[in-house]
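[1] dropping the sequence and predicted coords here.
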Amino acid sequence: MFLKVKQDLSYLSMAEKCDVDSSDISKIEKGKVDIQLKTIFELAKGLNKHPKELFDFEIDFDEN
């Protein structure tokens, strides 16, 4: 998903920086869970990124 900007952090390290559970980060990255706006802001803050940078990815709508 969009967490490729995680800067080579482990899920645990990223969870600590972003105040988000590491299992949730894994699920978000795999697209297995709907993400709340609050979580997006926490991830962006922890990664020192603007929230819009977390959504810079390609989507293949024909895949589903």
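    Sure, I can see it. Residues are numbered from 1 along each chain as shown.
[2] pLDDT weak spots in this structure?
    Across the chain, residues meeting the criterion (pLDDT under 70) sit at 1-7, 56-57, 63-64.
[3] ok, which stretches of it are helices?
    Secondary structure of the chain (DSSP state H): helices located at 11-18, 22-29, 37-47.
[4] how close does the closest residue to Val33 other than its chain neighbours sit to Asp19?
    Once flanking residues are discounted, Val33 sits nearest to Lys27: 4.2 Å by C-beta to C-beta, 6 or more residues apart in numbering. C-betas here are computed from N, CA, C, even on glycine. From Lys27 across to Asp19, the span is 16 Å (C-beta to C-beta, to the nearest Å).
[5] who has more neighbours out of the two?
    Shown here are Lys27 and Asp19; by other C-beta atoms under 10 Å, Lys27 has more neighbours (15 against 11).
[6] any idea which of the helices of the chain gets closest to Ile59?
    Nearest of these to Ile59, taken as C-beta to C-beta: helix 22-29 at 14.9 Å.
[7] show me what that closest one packs onto, helices and strands only.
    Packing partners of helix 22-29 (3 or more C-beta pairs under 8 Å, 6 or more residues apart in numbering; DSSP states H and E): helix 11-18, helix 37-47.
[8] who's in contact with the closest residue in space to Phe41 that isn't next to it in sequence?
    Closest residue to Phe41 apart from its sequence neighbours, by C-beta to C-beta, 6+ apart: Pro51 at 6.3 Å. When contacts are counted by C-beta atoms under 8 Å, 6 or more residues apart in numbering, Pro51 is found next to Ile40, Phe41, Ala44.
[9] reformat the helices of the chain as CSV; add distance to Phe61.
    Listed next are those as CSV, based on distance: least, C-beta to C-beta, whole Å:
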stretch, distance to Phe61
helix 11-18, 28
helix 22-29, 20
helix 37-47, 21
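[10] wait, which of those helices is closest to Asp62?
    helix 22-29 (21.9 Å).
[11] buried stuff in that closest one?
    Buried residues in helix 22-29, counted by 16 or more other C-beta atoms under 10 Å: Asp24, Ile25, Ile28, Glu29.
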